[in-house]
Each structure stands twice: as structure tokens, then as C-alpha cells.
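> fold the following for me, if possible:
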Amino acid sequence: MSAWLKDAGLSPDADTVTRLRASTHGNPRLLELCLALHHAGESLTETLTRFEQEGAPSVEFLLNRIWPRLSDDEQAALASLCVFRRPAPAEAWAGEVRAQLSPRRLIQLDERGGLALLPAYRAVLHHLLPPENRHAAHLRAAEVRAAHAEYTAAAYHYLEAGQPRRALWLWHEHRAEEINQGQASAALRLFSALAPKSLKPIERNLLTLILGELQKLLGDDPRVTLRQTLWRAPILQAQAKRLEGDLAELKGDYDEAIEAYQAGLVLVENLLGERALFLKNLGWTQMRQGGDGLGRAWQTACLARFEAERLQGDIQRRRGQFAEAEAHYRQALALAESFGHLEGQAKAHNHLAILLSQQSRFDDAHPHRAHAIALFEQIGNRVHLAGAKLNQALDHNLAGQGQAAYPPAAAHLFPIFQQAVRSAEEALRLFEQVGQAFGRATAAQNLAEAHLYLGQLAEAEKFARLVLREEEQSVQPDGLRTLGEIKTAQRDFNLAETLIRQSIQAAQDNGDPYLEAYGWRALGHLYLVQGQREPGRAALRQAVALFEAQGLRHEVERTQALEARFQS
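The predicted structure follows:
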């Protein structure tokens, strides 16, 4: 023990060593805590006297003595660390805190950059923490684990913090990565312990789907449960259908697998990533049937290539990579034409019209829009006909906005915005008939913008609030920004700023630089209207940078013209 104390930087006399051995019975955990207490400011002699007066010490007793002697930052670090079941990334805690706690032997650093409390300390501290502090510590731990792509561990901490919704959605989003990392069994144990009755209906659906996917990996067959579930969201129902198909295919029930995949395809008509996965699985299953199945498999493979090109086009458009998006859409169109896929041709024409209109290439967009509408009418696809009519309204809005300084527009531009209203109203009626929320939200957004430019603020606000009520994530930035512009026109500047900043944040969260740029421009206009020139110019510079990065020269010029208008 004397040598151990000397290594720790202490040189007590023989009597102190004897007393320390007698009080701790040589327990290394108690000895470590005695040293920690010494480093916190209490002498070994004082500690030993207290032991001899109050009886044999315990880990809890010593930690309670050390705790008040620690700084707030040190206490917070220990409280955070006590919920980790294995070493946490050291960089998640300030270096100065680590430097203070390490010499006190309250934490351990390993050679891989991990930081941990000794197990005996961790259990006691975890027990001593009030529930609200423990929940906060688990939330912090979840964020740390998620930031380091350890999603099963993050889900555990979210569950311990009383946040099952966040645990489920996070793990579901990253399930492929976690399964590849060998976390399937751990995740199954974790989520099997979750009580479905404690969840909202949509999360109960998600839990059923997660457990079904994990059970499939272990050779179980949860198809009965999947079929008996009342699904609340089309995307989850579609994924459940794909899982049913996968399970049937594994059992050699090819007809049942095809039926499940085809049912899923109906559900994911507008969910391109899911559609591509369904087509891939369906094609492989048809090929294994042989005979006539080979021809059907070839057709399915062509469809899968078409959907992949269409999906890549959508992704690049969302990223603001318009030239790349156009190349993918044109390749999708060529593929659809090569095997006589009329619906695919209509969709590709529609995507190209949207993309070209975003770049103010209205003359190029017009023939694609006409082809799309004609083909959708020919095949009787009301959903996509509604989409094409909606995009016609978008064309009118963008064309009018390209000529307007800022809302409201000059009277000579009213006819083009009135055309936008007519097309968007027709689209909204169709989307209401087919019950499609995304279509309703996008149609309402176009109506809000058209009425704003017509100076009809009450109608504009009605439709902007309808956009927000639909809660469609990709449309929310537009709805928030438009409502902010309406409030700017009504001179409710504080609310306008709040809404526009929420729009910018929502666009950033969605990874949508196109709508983010619109938000910065609206914010710049708001500041300039109030005479705040420097903040206004700064916001417009942000918009210009984003538009330039996307090659949208016409939007850059419109933004610069807005600034020039307020300089004159």
C-alpha cells in the first residue's frame, strides 16, 4: 500500500498507512475515493478520523463527501458520465474538466479516447441522481452517441430518458447501418422491452415494424402480426408490405410475395426510394419463378432503372444541383420511351417541367408540361394530373414573380397570378378528391403566394395557414416564409421575423438550399422595409450566395434588384 500511495503522489507515515488499511480493508475502490477526497481538499488524517468516529466507510459515503468540493462543471461531467454503460468519447467533455477529474482518480481515460467512471462509482452516482437530472444525463448521452453514429446506444439512452418516440425514429432511420454493425440482437432486446400501450398509435406502428424486421433476421415469421396491425401511415404500411413480401419469398411463397410487393407498390406511388426497393425485390422474385416470370422480371428491371434515375433526379434537385438533376430526368424519360412506359414518360416530362420552371426556363418547360398533362389524361391518372395542374400554377407564379419587384405585384401582372390561382384551385380540388396531403399542401402554398402577389392578404393567409396545418415537412419552409411575407405586408414585423427565421431553419433541416435562399431574401426584405439596411444587406448576401451556388442567375439578379430598390 505504501508504494501505491507513493505512486499517487503521497508519502504518509507508517501510522497513517496502518489506519488507512484498517479503515478500508484494502478495498481499492475505497482507497481511490480517499485519494480523490484528499485531492478535493480534505487531508488523509481528517478523513481517517471521520472513519474512526462514524464507522467503516462506503463508496456512497465517500462520494457524498467529495461531491460538494467539486465545481459545477465537474459535477455536471460526473453526472453525465454515470449513465454511460461503456466508455464515452472523451472529446464530448471540456479538456479542462477532464484534466481536473483525472488526477483525482474519479474518471479513467483509455488508449482509444474513451472516458468512463469506475463501475462502482457509476452505479452509486446513478442511484443518487434525482430523476430529472438522470433524464437530462441520458438525453445528453443519447446526443453524444448519435453524434458518433452509435444509434442503438443512443436509442437506449432516449428510452431511459423517457423519449421512446425519438428512440424509435432514430433507430428506424439508421437501421441498415446498425444491423451491418451487428446491433440487431441488442436492438431487439431493447425494443422488445418497450410497452406498446405507452406509445402513440404511429409509434406503435413503428415499433411493430422494427420488431418485425429484427425478428426476420433471426428467422422468425411475424407476418400474422403485420397483417393484424392497423397501420396509421402509408409509408409504414408500405414498408410492412415489403417485409411481408420478403418473408414470403424466404419461405418460397412466391405468389404471396408478389401479391405483397404489388400491394406495397400501390401505397408508395409517390415515394420513389421505397418504390425502387419494391421493384428490385419483385424482379428477383419473378426471375426465380422462371418461365413467363423472366419476361415480367425484365420489365420490372427496366422499371427499377427508370425509378432509380427519377429518384436521383429528385435528390439532385433538392440539393440544388440542377444540371445533374436534368441529366437524370432526361435519362429517365429515354428509358420510359424505350419500353413504352406511358406513365413513366408522363412523370419524367412533369419532373423536367418543374425543374426548368425553377430555373425560369419557361419556354423550355412548356412542351414538357403539355406532354405530361396529355399523357396523364390519356391513362386516367387523376393524382398525377392534379400534380401537373399544380405545377402549371407554379409556372405562372414563378413567371410572375420573376417580373415583380416584390409582393404585391404591379397591376399589369395580375392576369398571370390569376391564372396561377385558377390552376392551383383545380389542383386542390383534385387532391382533396384523392385525399393526398402533400398535394393539398403544395396547392395551398401556390394559392397563398398568388393571392399575396395579388394583394389579397386575407386569402393569402388562409391558404398559408392551411399549408402549415398539413405538416408536410418539405413544404413547411415555403408556408412559413409566405406567412412571414404576409405579416411583413401587414406590418406585423416581429411575427414576420419569427416566421421567416423558422422557415430558414426548416429549410436547413431539410437540406434544401433553394427554399433556404428564398427565406434569406424574405428576411432581407423585411429588414429593408423597416429601414435596417445593414441586417437587410447581410441577409440578401446570404440569399445571393445560395442562389449563385445553384446556378440560379435570374434569382441572383432579382435579389440584387431588391437591394438596389431600397438604396435609391
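> in the protein, mark out all the strands, start to finish.
Secondary structure of the chain (DSSP state E): strands at 88-89, 108-109, 114-116.
> what does the longest one contact?
In other words, strand 114-116. 81, 84, 86-90, 92-93, 98, 107-110, 122 (CB atoms under 8 Å, 6 or more residues apart in numbering). For the C-beta atoms, the positions are set from N, CA and C on the backbone; glycine is no exception.
> which of the residues in that strand are buried?
By 16 or more other CB atoms under 10 Å, the buried positions in strand 114-116 come out as 115, 116.
> same question, stretch 358-378
358-362, 365, 368-369, 371-373, 375-376.
> can you check stretch 198-213 too?
Neighbour-count burial for stretch 198-213, counted by 16+ other CB under 10 Å, picks out 199, 203, 204, 205, 206, 207, 208, 209, 210, 211, 212, 213.
> show me the helices in the stretch 451-568 of the chain, by range?
Taking DSSP state H, counting those that start in this stretch as the criterion, the stretch 451-568 of the chain carries its helices at 457-470, 476-489, 493-510, 513-529, 533-549, 553-567.
> domain map for the protein?
Here the domain parsing of the chain from automatic domain parsing is 2-151, 185-289, 298-380, 381-467, 473-568.
> let's have the ones you listed in a markdown table, adding distance to residue 164.
Below are the domains of the chain laid out as a markdown table (distance: least, CB to CB, whole Å):
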| stretch | distance to residue 164 |
| --- | --- |
| domain 2-151 | 12 |
| domain 185-289 | 6 |
| domain 298-380 | 30 |
| domain 381-467 | 25 |
| domain 473-568 | 21 |
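> a markdown table for the helices of the stretch 451-568 of the chain, including mean pLDDT, mean neighbour count and distance to residue 409?
Below are those laid out as a markdown table (pLDDT from 0 to 100; neighbours: other CB atoms under 10 Å; distance: least, CB to CB, whole Å):
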| stretch | mean pLDDT | mean neighbour count | distance to residue 409 |
| --- | --- | --- | --- |
| helix 457-470 | 94 | 19 | 12 |
| helix 476-489 | 96 | 26 | 12 |
| helix 493-510 | 95 | 19 | 19 |
| helix 513-529 | 95 | 24 | 14 |
| helix 533-549 | 94 | 18 | 20 |
| helix 553-567 | 88 | 16 | 13 |
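> re earlier: could you find which two of the contacts of strand 114-116 are furthest from each other?
86 and 98 (17.3 Å; CB to CB).
> who has more neighbours out of those two?
In this view residue 86 and residue 98 are compared by other CB atoms under 10 Å, and residue 98 has more residues nearby, 16 against 8.
> of all the domains of the chain, which one is nearest residue 165?
domain 185-289 (5.4 Å).
> tell me where the model's unsure across the stretch 301-450 of the chain.
Within the stretch 301-450 of the chain, the segments meeting pLDDT under 70 span 380-383, 434-436.
> before we move on, back to that, so which of the domains of the chain gets nearest residue 169?
domain 185-289 (7.0 Å).
> just to revisit the earlier point, for the contacts of strand 114-116, which ChimeraX command selects only the ones that are buried?
The buried subset of the contacts of strand 114-116, as determined by 16+ other CB under 10 Å, is captured in ChimeraX by this line:
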select :81,84,87,88,89,90,92,93,98,107,122
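> so who does residue 143 touch?
With CB under 8 Å, 6+ apart, residue 143 has these contacts: residue 154.
> any idea how far residue 156 is from it?
With distances taken as CB to CB, to the nearest Å, residue 143 is found 13 Å from residue 156.
> same question for residue 331.
The gap separating residue 331 from residue 156 is 44 Å, by CB to CB.
> of these two, who's got more company?
residue 156 (23 against 18).
> from residue 492, how far out is the more buried one?
Going from residue 156 to residue 492 by CB to CB gives 45 Å.
> what's the answer for residue 455, then?
Counting by CB to CB - residue 455 and residue 492 are separated by 16 Å.
> ok, residue 137 next?
According to CB to CB, residue 137 and residue 492 sit 41 Å apart.
> in the stretch 151-300 of the chain, where is pLDDT below threshold?
Scanning the stretch 151-300 of the chain for pLDDT under 70 picks out 180, 218-219, 250, 252, 268-280, 282-284, 286-298, 300.
> tell me the contacts of residue 394?
354, 357, 420, 446.
> can you name the two of these that are farthest apart?
Most distant of the contacts of residue 394, by CB to CB, are 354 and 420, 14.6 Å apart.
> please consider this matter closed, and thank you.
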